[in-house]
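Asker: Predicted structure and sequence below. I'll ask about it afterward.
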Amino acid sequence: MAVEEHDFTPKNPTLQKIVREELNETQTRINESLEHIKEWLLKQPHITPRLDDKFLIGFLRTSKYSLEATKSKLDTYFSFRSLAPEFFRDRDPYDIKLKGLLESGTYFPTPESHPDGSRVSVTVVSNLQKHDCGIIDIIRITTMVNDRICIYDDHLTIAGAHAVLDVEGCTIALATQVLQLANKLALGIQNAYPIRIKHFHLINVDKTPPIFQMVLKTFRTLFRDKMAQRILIHDNLESLHKCVPKNILPNEYGGDAGTCAEISAQYILPIMLKSKEWLQDDAQYKSDESKRVGQSKNNDMFGIEGSFKKLEID
């Protein structure tokens, strides 16, 4: 399959240095890799693949242009969408609950990048109660924003993400929901998306019920050791600011970037409200495990009895 040539050189100087020195990315390598991956995807009877170049380059970059690692990650991504359908179902940005979460800035990447070139994402758990939502609702807007915006963001696919999670407002009921979905969430975070998490920055942990410690313990067990070590708990905003500069953060966290709602209203909500048809079309891109040649990905991901397996894909 011939690949139409485009210039995918990132504009940010820090990212240019990373792709040049760490990924050894050249236009020739991009073209050859894209052609190989597209041909491979079209030969997979169980995958209905998204084939646009920018989407696939994110997976190549996260896999450091290892073609086998890229194939494995893409296979996991499309399979994850079919094996965790509740995360991707009814993703309508005009749905009252989902629109409310988007408007209030419940999950969003910040407009300013981190000095290391990565992007900072912010999750505000307390907004769930304000909009009478559950964990599935915040997961759905997260996959919506990730699929529509984050996968196409050079900062995220090249340099990774600092994920700030404000867990104040996590009730016993919400924590229980997270525990019930922990296997799928851990898989999605570690293996499905072409975004490398540099650190999780948890704040307001002291304002959560005791069951939240079980949530932390569960994810530290499900995550690979390297990922588990990236979970940082900040006792105060001063500690957070040592890792994430104030100019990047929303006002609610001692920053200068505007409120969560203002950031989302300016940078995220307009894109998502224009993406209703895109999201409807995006629903088709997934696997059909009944057509897979060989063992079902369900067994590979979750084990024969449904227990989570630590996949060694970085």
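Answerer: Perfect, I can see it now. Numbers count the residues shown, from 1 in each chain.

Asker: residues near the nearest residue to Gly169 once chain neighbours are set aside, how many?
Answerer: Nearest residue to Gly169 in three dimensions, chain neighbours excluded: Ser126, at 3.0 Å (C-beta to C-beta, 6 or more residues apart in numbering). C-beta coordinates here come from the backbone N, C-alpha and C atoms, glycine included. For Ser126, the neighbour count with other C-beta atoms under 10 Å is 17.

Asker: for Asp7, same thing?
Answerer: Asp7: 6 surrounding residues under other C-beta under 10 Å.

Asker: which phi and psi does it have?
Answerer: Backbone torsions of Asp7, given as degrees, to the nearest 10, read phi -90, psi 110.

Asker: Against Val19, how distant is the residue nearest to it when sequence neighbours are not counted?
Answerer: Take Asp7 and drop its neighbours on the chain: the residue closest to it by C-beta to C-beta, 6+ apart is Gln27, 7.4 Å away. According to C-beta to C-beta, to the nearest Å, Gln27 stands 11 Å off from Val19.

Asker: which of these two has more neighbours?
Answerer: Val19 (20 against 12).

Asker: can you tell me the helix or strand for the more buried one?
Answerer: Per DSSP states H and E: Val19 is located in helix 13-21.

Asker: Then Phe200?
Answerer: Using DSSP H and E, Phe200 sits within strand 197-203.

Asker: Sheet partners, orientation included, of that strand?
Answerer: Looking at strand 197-203 with DSSP bridges, its partner strands are strand 161-166 (parallel), strand 231-234 (parallel).

Asker: Around the residue nearest to His199 when sequence neighbours are not counted, how many other residues sit close by?
Answerer: Once flanking residues are discounted, His199 sits nearest to Arg230: 4.8 Å by C-beta to C-beta, 6+ apart. Arg230 has 16 neighbouring residues, counting by other C-beta under 10 Å.

Asker: In stretch 238-255, which residues are buried?
Answerer: By 16 or more other C-beta atoms under 10 Å, the buried positions in stretch 238-255 come out as 240-241, 244, 248-250, 252-253, 255.

Asker: Nearest to His199, out of those residues: which one, please.
Answerer: Set against His199, the nearest of the buried residues of stretch 238-255 by C-beta to C-beta is Val244 (8.9 Å).

Asker: contacting residues around that closest one?
Answerer: 114, 120, 162, 164, 201 (C-beta atoms under 8 Å, 6 or more residues apart in numbering).

Asker: if we go to 10 Å?
Answerer: Taking C-beta atoms under 10 Å, 6 or more residues apart in numbering, we find Val244 in contact with 110, 114-115, 118, 120, 122, 162, 164, 199, 201, 234, 237, 253, 255.

Asker: Just flag the most distant two among the residues you listed.
Answerer: Among those, Ser118 and Leu237 lie farthest apart (C-beta to C-beta), at 19.7 Å.

Asker: Show me which of those two is the more surrounded one.
Answerer: Remark: of Ser118 and Leu237, Ser118 carries more neighbours, 24 against 17, as counted by other C-beta under 10 Å.

Asker: how far away is the residue nearest to Gly169 from Val19?
Answerer: Counting by C-beta to C-beta - Ser126 and Val19 are separated by 38 Å.

Asker: Ok, His155 next?
Answerer: His155 is 12 Å from Val19, by C-beta to C-beta.

Asker: Contacts only, for Asp132.
Answerer: Contacts of Asp132 by C-beta under 10 Å, 6+ apart are 96-97, 100.

Asker: Nearest to His46, out of the residues you listed: which one, please.
Answerer: Proximity of those to His46 was ranked by C-beta to C-beta; the top entry is Lys97 with 32.5 Å.

Asker: Flag the shaky bits of the stretch 201-314 of the chain, pLDDT-wise.
Answerer: Within the stretch 201-314 of the chain, the segments meeting pLDDT under 70 span 296-314.

Asker: need the helices for it, in chain order.
Answerer: Applying DSSP state H, counting those that start in this stretch to the stretch 201-314 of the chain gives helices spanning 211-222, 225-228, 237-241, 260-263, 269-273, 276-282, 297-302.

Asker: Can you name every helix or strand that the fourth one contacts?
Answerer: Same thing as helix 260-263. Applying 3 or more C-beta pairs under 10 Å, 6 or more residues apart in numbering; DSSP states H and E, one finds that helix 260-263 contacts strand 107-109, strand 119-124.

Asker: Would you mind putting the CA coordinates of it into CSV?
Answerer: Extracted in CSV, the C-alpha atoms of helix 260-263 (Å, rounded to 0.1, in the frame of the first residue of the first chain):
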residue,chain,number,x,y,z
CYS,A,260,-10.8,23.7,34.9
ALA,A,261,-14.1,24.8,33.4
GLU,A,262,-12.5,27.7,31.5
ILE,A,263,-9.7,25.5,30.1
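
Asker: And that helix, what's buried?
Answerer: By neighbour count on 16+ other C-beta under 10 Å, the buried set for helix 260-263 is 260-261, 263.
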